[in-house]
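Enquirer: any chance you can model this:
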Amino acid sequence: MSNEAAGAETSIDISEILERIPHRYPFLLVDRAEDYRANESIVGIKCVTINEPFFRGHFPDYAVMPGVLIVEAMAQTGAVLMSKTLNVDRAGKTILFTSLDNCRFRQPVRPGDVLRMHVKVVKVRGGLFKFEGKALVGDKTAAEAEFAAMLVETP
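Expert: Below is the predicted model of the structure:
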């Protein structure tokens, strides 16, 4: 049964993202999410602006979003999917990025771009999720990767 058929909301606003993952400015790299499907997929959205702190020092004459931050944006999108799917109470728990494979960067992400992170669940085993992610600007792939994250207890 799809989320829509069940009457579930498929969009996640910034308020809910802030409740679901611990990241904060300047390291929060997901502004909102849509097309959430529990245990299946999500699309995270990052509106890239010239005000991002990394642009001051990362190719300042030709501002380019660092590739590792594009991957981090995909990982944060996956964490939002995990948190909502598992209904994680952040008190005493967090979701940590555990692996990255087959990462490829295809085109630069620049100020003014809207980065859409399509993240799909490939496998779930207990608190470990494996994902495939693709970051797009328009219809062009900026980056793609396979990655995993797990739910861990924190002190």
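
Enquirer: my guess is residue 96 contacts residue 148. True?
Expert: No. Assessed by Cβ atoms under 8 Å, residue 96 is found out of contact with residue 148, at 9.8 Å. C-beta: built from backbone N, CA, C; applies to glycine.

Enquirer: and these two? which has more neighbours close in?
Expert: Taking other Cβ atoms under 10 Å, residue 96 and residue 148 do not tie; residue 148 has more neighbours (19 against 12).

Enquirer: partners of that one in the sheet?
Expert: Beta bridges link residue 148 to residue 99, residue 130 when assigned by DSSP bridges.

Enquirer: for residue 136, give me phi and psi.
Expert: phi -120, psi 150 (degrees, to the nearest 10).

Enquirer: on the strand side of things, show who it bridges to.
Expert: Under the criterion used (DSSP bridges), residue 136 bridges to residue 116, residue 141.

Enquirer: tell me how many other residues crowd it.
Expert: When neighbours are defined as other Cβ under 10 Å, residue 136 has 20 of them.

Enquirer: give the contact list for it.
Expert: By Cβ atoms under 8 Å, 6 or more residues apart in numbering, residue 136 lies in contact with 115-118, 142.
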